[in-house]
Structure formats: C-alpha cells, structure tokens
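# Structural data only, the sequence is not supplied:
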C-alpha cells in the first residue's frame, strides 16, 4: 500500500463543495499525521486488465484501536453524489463515534461490478485487519445467532399471529402489535448499539427483542379474546386441507414482491448507462414513491377481511360496496399525493440530497412517476379484492401480467426507443394498460357471482 494512493484519493475530492469541508479538513489532519487515507483494493495488474477499476478503493477514517468497522457504500451515486455527499460524511461520523469507518468508491456500470468491488473491499479489510487496526471477529455469527437462530421463531410467529388476528376482524390489536414491535426496535437500536456499545450484536438484539415483544403481545391478546377467535393449537384440529388455497392466494403477493424487485433491478441497470446522477435520482424517487403505495397496501390489508367475510356470507352487495369505497378512498389519497409531489417535488428531493443536479433531475422524475400512483393503487386493490375472494389464480394472472409480462419488456423498449425519460414513463403506461384489464377481470368475476 503506497503513498501514491493517498494523492489519488485527494484528487478525487477536488470537486467537493462547502458541505464536505469537514471531511476535507479531517483528511488533511490525517495527512499531517502521516496516516494513509485512501487504499487501493485492486492490484496494478488488475487495473491494467480492467481500466474501470483504477479509481475504485476505500477511504478510511480511523476510530478506536480494534474497534468494529463498517463499510459505507451509498447507492446510486459514484464519485460526487455517492462518495462525497453520502459515504464520506457517514464514514467520518462513524469514526467520531469510535468505530472504524470506510467509504467505498465502486463501479456503477453494472450491479455485478458493484458487488465485486464490495466483496473485494471486505476481503481487503479482513486481509489487512492487523495493519488497519480493525476488529473483524464475530459480525455474521453474532447477527445470525440473535436474528435467525434465537429470533427466527418469534419473528415468524409474531407475523403469522398478527395476520391471523387481522383476518379474524381484529384489525386494531393486530396493528398495535405490529407497530409496537417496530417502534420498540427503533428505540432499542441506539440504546444497544451506541449506549451499551454492543455494535452489530446490539442491532441484532434489538431486532430479536422487538419481535419477541410483539409475540408476547399477541399471545396475551389471543388469551384475552378467548372464544372470539377460531385459532387453536390442539392437535385434533390439525389439517392439511387448507394448504392449497393458502398457497394459491399467497402466490399473487409473492409474485408482486419478487417481480417488483426484479423490475427495479432492470430499471437501475438500464439507468446506469446514462451515468451516476440518473441512478441516484431514480433511487431517491423510488423511495419517495413507495410512501403512497405503502398507504395503499395498508388500505388493502385493512379491507381484505371485510371483503372475505361478505364473500363467505354471500353478501355480495355489501362486498362490492366495501370494494368500491376502498377504491374511491385510494384514488382520493393518491390524488393528494400527486398534487403534493407535483408542486413540491424539488423541495422534497432537496431534503434527500442537496446536490443541485441530482435533486433537479429527481424532481422531474418524481413529477412523472407520481402520475401512476392513483392507477397503481386501484390495480393493487382489485388484485387484493380477488385474493380476499379466494381467486388466487386471477390475482396471480393480473400481477404477472402487470409486473412481468408488461413492465420489464416495456422498460427495455422505452429505453431503446425514447431513452431515460421513457423508462420513467413506463410505470404510468403499464398501469393505464392494466386498469381496464383489472376492471374487466373483476367484472367478469362479479357477473359469475350473480
């Protein structure tokens, strides 16, 4: 590890502005103490074979000797957006908390390249742990022990009991139990990580304890409700006859999650061809865009038991009224979000990232992306209505058509024919195409019920 790497690291900071003056001062102070700041993670031979690797590496802000370390690798931005505005300041703050903070500069050409750089960076730290003065022991094992080995069963049971309670019509205690665990996790994280300095183990303990607390809450609630619920652990009630319908209905939700993640991966991969700033802007917009969609998802989970009860009771008129009311509510809420995002887009983006070019581009993306929200909400609700009626096949067909059959191919077509902004318009096009299909599927199912 040569001193020439330090000069290269300093050159990468030339474009920094006043927001990272603190980082630059700290780096200058480190240099005065003759401490190396920037470390290459690839050999010279590897860089000659692949020139894109020449600027990758790790900035290192030292904490306490033998303290745990963290690698900060902000998503989306590369040199200016990610490293300067996000990774470096966070790594510096970690060092001031006593931890060893690394900021990774990685390639964004492809996801595989980025993962390769992260893997090499971690390997570099482990190989040079003694020289760097960092602790590398027990990270994964400690986390897995608490979250998976000890906390896995409480996690699964608390989620299952919460959804079962909601399906029985007890939405309020189900929501309280789920929120209780989440809020407790947020409270315990800083206490255990920073207060008791348990680091990764503290984060794992916070997760495990919060899930265990939710489980205890649900056990108490089940005992209080007694005969008001139809769940029993007695072996004589055990049966396999409900396995098929459960998996049939759940397939649509599984497809929605899996294909949604795949669509985002394709979008990021395509956007990376336009540079780092579009990737960063898109990543922020997707986070903002998830907020109204999550509200719609909450509405879906809330009205599903009502639809299910009325469908089972053959009270189809009331079932339809509940569905229509939910759709109208979703459209009104979504319209409010659209108005908010359209008028305040730049200010909202600036809260996430102050860099002018990225926030300006992200604001344009957000104004386009938010137009799809009302139609997405209605398509979601129709799919969940069919799930609540036990029509898992129809719901799965809609989900696959929307996310797999249309979204991913259309992303590629819009990228080739229109370019960057074409990909941003894709979601709106998909939702508009799927809306009559979803309504047609619902009306066909409704006519068969009459």
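Nice, I can see it. Since this is a predicted model, take the numbers as computed values, not measurements.

# quick one, what contacts residue 420?
271, 274, 278 (CB atoms under 8 Å, 6 or more residues apart in numbering). Any C-beta I mention is one placed from the backbone N, CA and C, and that applies to glycine too.

# 10 Å instead?
270-271, 273-275, 278, 281-282, 361, 365, 414 (CB atoms under 10 Å, 6 or more residues apart in numbering).

# Hmm, residue 345 and residue 284 touching each other?
No: if you go by CB atoms under 10 Å, residue 284 and residue 345 don't touch, sitting 11.0 Å apart.

# joint contacts of the two?
The contact sets of residue 284 and residue 345 overlap at 359, 362-363, 365-366 (CB under 10 Å, 6+ apart).

# Residue 231 is in what secondary structure piece?
Using DSSP states H and E, residue 231 falls within no helix or strand.

# What sits closest to it if chain neighbours are left out?
residue 164 (5.7 Å; CB to CB, 6 or more residues apart in numbering).

# just residue 306 next, same as before
Leaving aside its chain neighbours, residue 306 sits nearest to residue 322 (4.8 Å; criterion: CB to CB, 6+ apart).

# Report the separation between the one you found and residue 295.
18 Å (CB to CB, to the nearest Å).

# could I get the shared contacts of residue 284 and residue 345 as TSV with pLDDT and neighbour count?
Listed next are the shared contacts of residue 284 and residue 345 as TSV, based on pLDDT from 0 to 100; neighbours: other CB atoms under 10 Å:
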residue	pLDDT	neighbour count
359	86	23
362	90	29
363	92	21
365	93	25
366	93	25
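
# which ones among those residues are found in helices?
Among the shared contacts of residue 284 and residue 345, DSSP state H puts 359, 362-363, 365-366 in helices.

# returning to what we had before: run a quick neighbour tally on the residue nearest to residue 306.
21 (other CB atoms under 10 Å).

# Does anything pack onto the strand or helix carrying it? Which helices or strands?
Assigning secondary structure by DSSP H and E places residue 322 in helix 316-352. Using 3 or more CB pairs under 10 Å, 6 or more residues apart in numbering; DSSP states H and E as the contact test, the elements touching helix 316-352 are helix 276-312, helix 356-369, helix 373-388, helix 420-449.

# Mind putting those helices into TSV with distance to residue 318?
Formatted as TSV, these follow (distance: least, CB to CB, whole Å):
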stretch	distance to residue 318
helix 276-312	5
helix 356-369	35
helix 373-388	13
helix 420-449	13
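
# Residue 108: which of those is closest?
Closest approach to residue 108 among the helices and strands packed on helix 316-352 (CB to CB): helix 276-312, 5.5 Å.

# List the buried residues in the closest one.
276-286, 288-289, 292-293, 295-297, 299-301, 303-311 (16 or more other CB atoms under 10 Å).

# So residue 59: helix, strand or coil?
Assigned state for residue 59: strand (three-state reduction, DSSP: H, G, I helix; E, B strand; the rest coil).

# Make 42 the first number, not 1, from now on.
Okay, residue one is now 42; in that scheme the one you just asked about reads as residue 100.

# what number of residues lie near it?
Residue 100 has 24 nearby residues by other CB under 10 Å.
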